[in-house]
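Asker: Provided below for reference: sequence and predicted model.
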Amino acid sequence: MRVPIIQKVELFVASRLPVRRGRARQSPKITDFFNESNEFPSGDKIFTTYRVSGEFFDTGPFDVRAIDIYSFRGDKICSKDTYWKIITC
């Protein structure tokens, strides 16, 4: 069964907050702030672009632009790739 891309985007957006909370628990050495977020559905993939800045408690501030590529198989995410470009460090 093929899931419409709009439904995939809705599922993806609904899943972001719990993932972020889980990440915060896993990474106690980092405070971060996400902004400039955009989502682009394309076929069986969703591309998200964003900027994240923050501070590692042990090494100091950072500022990066990033892209996440989510691939779907049916209504499930089957892979996720993330690429970061350092703006300042």
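Answerer: Cool, the structure landed.

Asker: quick one: the strands in this structure, in order.
Answerer: Taking DSSP state E to define them, one finds strands in the chain at 30-42, 45-56, 60-73, 76-88.

Asker: distance check, Asn38 against Thr59.
Answerer: The gap separating Asn38 from Thr59 is 29 Å, by Cβ to Cβ, to the nearest Å. Where you see a C-beta, it was placed from the backbone N, CA and C, and this is true even at glycine.

Asker: for Ser53, same thing?
Answerer: Looking at Ser53 against Thr59, where the rule is Cβ to Cβ, the gap reads 14 Å.

Asker: who has more neighbours out of the two?
Answerer: Neighbours per residue (other Cβ atoms under 10 Å) separate Ser53 from Thr59, with Ser53 holding more: 16 against 10.

Asker: got TSV for the strands of the chain, with mean pLDDT too?
Answerer: Written out in TSV, the entries for these read as follows (pLDDT from 0 to 100):
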stretch	mean pLDDT
strand 30-42	78
strand 45-56	86
strand 60-73	89
strand 76-88	86
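
Asker: you'd agree Gln55 is up against Pro61?
Answerer: For the record, residue 55 is Glu, not Gln. Yes: the pair Glu55 / Pro61 is scored as a contact, 4.7 Å apart, by Cβ atoms under 8 Å.

Asker: more crowded one of the two?
Answerer: When Glu55 and Pro61 are compared for neighbours, Glu55 comes out ahead with 14 against 11, by other Cβ under 10 Å.

Asker: in the sheet, who's paired with the more buried one?
Answerer: Beta bridges link Glu55 to Thr31, Pro61, judged by DSSP bridges.

Asker: now swap in the one 10 residues further on and tell me
Answerer: Beta-bridge pairing for Arg65 (DSSP bridges): Arg51, Lys85.

Asker: next up, the contacts around it.
Answerer: Neighbour list for Arg65: 36, 49-51, 84-85, 87 [criterion: Cβ atoms under 8 Å, 6 or more residues apart in numbering].

Asker: next: Lys80.
Answerer: 68-71.

Asker: and it, how close does it get to Gly60?
Answerer: Plainly put, Lys80 is 28 Å away from Gly60 if you go by Cβ to Cβ.
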